[in-house]
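J.: need a structure here:
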Amino acid sequence: MPSSPSRKVIPLWQNGRLEKAKSRQQQQQRRWGSFFNYACFCVGTIGILFSVFCLVKGKPIYTFRCGNVEDTLRSIHLGGGSDRYAGWAGGLNHQTAGLEGQDRPKVLGVVGIQTGFGSSQRRKALRETWLPSDPDSLLNLEQATGLAFRFVIGRTKDAQKMAELEKEMEKYTDFMLIDVEEEYHKLPYKTLSFFKAAYALFDADFYVKADDDIYLRPDRLATLLAKERPSPRTYIGCMKKGPVITDPKLKCFDTDCRYEPAGYLLGSEYFYHAYGPLYALSAEVVAGLAMARNDSFRMFSNEDVTIGAWMLAMNVEHEDNRQLCHPHCKPDSIAVWDIPKCSGLCNPAEKLRELHKDNMCSTSPTLPADE
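T.: The predicted model follows:
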């Protein structure tokens, strides 16, 4: 008869230890379960509170950035996305990626009004005359003409000046803040920074540099830029030549001339180039500037001369248009300023308001009657 299998007998002292181990394991499991439930409760509560906060909180203010460049108007009207910024009605509906992967709305032209920290009265006068002062009107002007207008300004280490600028930007939202030190002797660097920034932010046919002391007709500027041209590389402005000032002690009565330390590279006369207060570069030209390294450009004392030198190297078509530099308002004036007496309007804040009261300047038809 086979023997029955032997049964292992567990001593009582070991059996008690096993029971205690099982009890501790069950308690530990219960504690972890309670902790997990508590964590889920906290996460859910935070989510509910955050949702309520988002619903109750007012509309946030976004800053549209491309690198260190800020476009304050797009920041407010984009609301953090590209769907609310329609761009130019006459352009393409799609948007293309910019240098930094941002959306670039299609416009006919970007007009960068170069300004500084001491020019608040000029900006005030411009907003009271030919440039709309509120964001909706500025966007309406863009829709009507295809031109996006921005005040272009750099930065300063002066905290008070930056604080004052922040208040003005918050009120008017019509600035393009670029990453360059705002100093008069660095105007060529600022101009290059503007073209690079404008190209990164907008897909435009033309990029226009304007000063804050000229009277401008946006409708006529748009008409000029919209014309068909044989060359994709175009440089539009009031063209000129002039003597190179190589003596730092020489007094110059022309406000547009300055001492040129690099005069030995230029000879006795400057080459053909546009006056500084207003000129335009086509997209292909600006694309070349935008892609090049900053330290690859030769900088001269005068900003307009510097741009003219680059244009010679880029083999552009020079388009001379005297409507961009009329000294008095005429039926076909695009821009009015006190050439050659001042490099812009003399006493600009006062003169801007004076010109705006003249119907020939402000309300005459876009095209002369015979056209």
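J.: show me where this structure has its strands.
T.: Under the criterion DSSP state E, strands of the chain are mapped to 64-66, 69-71, 96-97, 103-104, 106-114, 147-155, 175-181, 203-211, 215-216, 234-243, 269-282, 317-320, 335-336.
J.: pLDDT below threshold where in the chain?
T.: 1-68, 75-102, 249-257, 369-371 (pLDDT under 70).
J.: if we can go back for a sec, Serialize the strands of the chain to JSON lines and add fields for mean neighbour count.
T.: Every C-beta, even on glycine, is put in place using the N, C-alpha and C of the backbone. Output for the strands of the chain, formatted as JSON lines (neighbours: other CB atoms under 10 Å):
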{"stretch": "strand 64-66", "mean neighbour count": "19"}
{"stretch": "strand 69-71", "mean neighbour count": "23"}
{"stretch": "strand 96-97", "mean neighbour count": "10"}
{"stretch": "strand 103-104", "mean neighbour count": "21"}
{"stretch": "strand 106-114", "mean neighbour count": "24"}
{"stretch": "strand 147-155", "mean neighbour count": "24"}
{"stretch": "strand 175-181", "mean neighbour count": "20"}
{"stretch": "strand 203-211", "mean neighbour count": "24"}
{"stretch": "strand 215-216", "mean neighbour count": "28"}
{"stretch": "strand 234-243", "mean neighbour count": "20"}
{"stretch": "strand 269-282", "mean neighbour count": "22"}
{"stretch": "strand 317-320", "mean neighbour count": "16"}
{"stretch": "strand 335-336", "mean neighbour count": "24"}
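J.: please identify which of those strands is closest to H356.
T.: strand 215-216 (7.4 Å; CB to CB).
J.: what residues does that closest one touch?
T.: The contact list for strand 215-216 (CB atoms under 8 Å, 6 or more residues apart in numbering) reads 129-131, 210, 278, 329, 334-337, 345, 351-352, 355-356, 361.
J.: tell me how many other residues surround S137.
T.: 12 (other CB atoms under 10 Å).
J.: what about it, distance to N302?
T.: 35 Å (CB to CB, to the nearest Å).
J.: same question, A163
T.: Going from A163 to N302 by CB to CB gives 32 Å.
J.: and what of A335?
T.: 19 Å.
J.: just P243 next, same as before
T.: For P243, the distance to N302 - CB to CB - is 12 Å.
J.: before we move on, back to that, which one of the contacts of strand 215-216 is nearest to A287?
T.: Nearest to A287 among the contacts of strand 215-216, with distances taken as CB to CB, is A210, at 20.4 Å.
J.: bridging residues for the closest one?
T.: Using DSSP bridges, the beta-bridge partners of A210 come out as I113, L278.
J.: tell me the contacts of it?
T.: By CB under 8 Å, 6+ apart, the contact set of A210 is 111-114, 216, 277-278, 335.
J.: what's the closest of those to C238?
T.: L278 (7.6 Å).
J.: how far away is that closest one from Y259?
T.: From L278 to Y259 the distance is 24 Å (CB to CB).
J.: ok, now K351?
T.: Computed with CB to CB, the distance linking K351 and Y259 is 28 Å.
J.: picking that back up, so which of the contacts of strand 215-216 are in helices?
T.: Mapping those onto helices (DSSP state H) picks out 351-352, 355-356, 361.
J.: now these in JSON lines, with neighbour count?
T.: Formatted as JSON lines, the ones in helices among the contacts of strand 215-216 follow (neighbours: other CB under 10 Å):
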{"residue": "K351", "neighbour count": "21"}
{"residue": "L352", "neighbour count": "27"}
{"residue": "L355", "neighbour count": "21"}
{"residue": "H356", "neighbour count": "18"}
{"residue": "C361", "neighbour count": "22"}
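J.: and these, which two are furthest apart?
T.: K351 and C361 (10.6 Å).
J.: for the nearest residue to E70 once chain neighbours are set aside, what are its contacts?
T.: The shortest distance from E70 to any non-neighbouring residue, by CB to CB, 6 or more residues apart in numbering, is to L177 (4.3 Å). Neighbour list for L177: 69-70, 72, 153-155, 169 [criterion: CB under 8 Å, 6+ apart].
J.: swap in V180?
T.: 154-155, 186, 189-190, 193 are the contacts of V180 under CB under 8 Å, 6+ apart.
J.: what do you get for C361?
T.: 215, 217, 329, 333, 336, 355.
J.: if I look at V285, how far off is V152?
T.: V285 is 18 Å from V152, by CB to CB.
J.: quick check: bridge partners of the spatially most central residue of the chain?
T.: With distances taken as CA atoms, centre = their mean, M176 lies nearest the centre of the chain, 3.7 Å away. Counting by DSSP bridges, M176 is bridged to D71, V152.
J.: Y199 contacts A287, doesn't it?
T.: Yes: the pair Y199 and A287 qualifies as a contact (CB atoms under 8 Å) at a distance of 6.5 Å.
J.: compare the two (neighbour count), which wins?
T.: Y199 (24 against 17).
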